[in-house]
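>>> okay, structure incoming, though there's no sequence with it:
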């Protein structure tokens, strides 16, 4: 069985909230364009949480379900649900074998979750995962430091830049923004 890959998920936080985007490309072995419009970013928990994944699609959907259950259990508390999922993911024999990463966000937090028990909050409000993550994150950091663009505009422009230079990123991008209640 050939490995499916090819994902770019990016999140940027500003004083208005968090914007998350994911491209739609799925690759299989050397074939770049097996699917153009996969939806790798989804809203969860009453549309207050945005979650994106990189890695095996089936594994990611398993993690989405587990994460949603944790969000329900902990009343939508993103940090607590993330920590509890990471603990289960690391310790459960079945979950430990899942090959995916999650990037999760609410209006105030961005977290990266992995099967090794990592729950990482970026220092600068910019996070990315997947094959094209480094390209998108580099563009987002540069735009954030040298412009006054909103998080949503930074995400849009950064994903476009990543799609121009990374063969594993396309321009079929899903955007989701979670805003803070003022």
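Nice, thanks for sending it over. For clarity, every value in this text was computed on a predicted model and none was experimentally measured.
>>> show residues contacting stretch 55-69.
Stretch 55-69 is contacted from outside by 4-5, 7, 26, 38, 40, 42, 44-45, 51, 53-54, 81-82, 85, 88-89, 95, 98-102, 104, 113, using Cβ atoms under 8 Å, 6 or more residues apart in numbering. For every residue, glycine as well, the C-beta is placed using N, CA and C.
>>> longest helix of the protein, counting residues only.
The longest helix of the chain (DSSP state H) is helix 57-73.
>>> what residues of that one count as buried?
By 16 or more other Cβ atoms under 10 Å, the buried positions in helix 57-73 come out as 59-60, 63-64, 66-68, 70-71.
>>> equivalent analysis for stretch 13-26, please.
Buried-residue list, stretch 13-26, by 16+ other Cβ under 10 Å: 13-14, 17-26.
>>> let me see the mean pLDDT of the longest helix of the chain.
Confidence for helix 57-73, expressed as mean pLDDT, is 89.
>>> report the distance from the helix or strand just after that helix to the chain centre.
Next in sequence after helix 57-73, counting helices and strands by DSSP states H and E, comes helix 78-91. What separates the centre of helix 78-91 from the centre of its chain is 16 Å, taken as Cα atoms, centre = their mean, to the nearest Å.
>>> returning to what we had before: just the buried residues from the contacts of stretch 55-69, in PyMOL please.
Buried subset of those, written as a PyMOL selection, criterion 16+ other Cβ under 10 Å:
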select buried, resi 4+5+7+26+38+40+42+44+45+51+53+54+81+82+85+88+89+95+98+100+101+102+104+113
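>>> any residues touching the strand or helix carrying residue 139, and which ones?
If you go by DSSP H and E, residue 139 is part of helix 133-146. The contact list for helix 133-146 (Cβ under 8 Å, 6+ apart) reads 7-10, 12, 54, 124-128, 149, 154-155, 157-159, 161-162, 165-166, 169.
>>> which of the residues you listed are buried, as a PyMOL select command?
Buried subset of the contacts of helix 133-146, written as a PyMOL selection, criterion 16+ other Cβ under 10 Å:
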select buried, resi 7+8+9+10+12+54+125+126+127+128+149+154+155+157+158+159+161+162+166+169
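>>> mind listing which of the contacts of helix 133-146 are in helices?
Per DSSP H, those map to helices at 154-155, 157-159, 161-162, 165.
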